[in-house]
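Participant: just need the structure, nothing else, for what follows:
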Amino acid sequence: MTRRLVLSNEAARHPLRRSLPPPVIANTKNDDQDVKLFLLSFAAFFTCFYSFIF
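Facilitator: The predicted model follows:
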């Protein structure tokens, strides 16, 4: 028994969603962006908090 070539997204149940292309999976090459954003946010919070105290 051979299977037909499926060009639609089998996980989508609704006919409109079946006609859409499958979702693109983002590449996670740049993991250090999260660390940089955290450090920038931490530094901004610390600066604001420190300036309000003194």
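
Participant: and the top helix by length along the chain, what does it pack onto?
Facilitator: Longest helix in the chain by number of residues (criterion: DSSP state H): helix 32-53. Counting contacts by 3 or more C-beta pairs under 8 Å, 6 or more residues apart in numbering; DSSP states H and E, helix 32-53 packs against no other helix or strand. C-beta here means a position set from N, CA and C on the backbone, and glycine is covered the same way.

Participant: so for it, mean pLDDT?
Facilitator: For helix 32-53, mean pLDDT rounds to 92.

Participant: now it: buried residues?
Facilitator: By 16 or more other C-beta atoms under 10 Å, helix 32-53 has no buried positions at all.

Participant: what does stretch 18-34 give?
Facilitator: Under 16+ other C-beta under 10 Å, stretch 18-34 has no buried positions.

Participant: I'd like the average pLDDT over stretch 13-24.
Facilitator: For stretch 13-24, mean pLDDT is 80.

Participant: using CSV, write down the CA coordinates of that stretch.
Facilitator: Once non-C-alpha atoms are left out, stretch 13-24 reads as follows in CSV (Å, rounded to 0.1, in the frame of the first residue of the first chain):
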residue,chain,number,x,y,z
ARG,A,13,-8.0,19.9,11.1
HIS,A,14,-9.9,22.9,9.6
PRO,A,15,-10.0,23.1,5.8
LEU,A,16,-8.7,26.7,5.9
ARG,A,17,-5.8,25.8,8.1
ARG,A,18,-5.0,22.8,5.8
SER,A,19,-4.6,25.1,2.9
LEU,A,20,-2.0,27.3,4.7
PRO,A,21,1.7,26.4,4.5
PRO,A,22,3.1,24.7,7.6
PRO,A,23,4.5,27.0,10.3
VAL,A,24,8.1,28.0,10.0
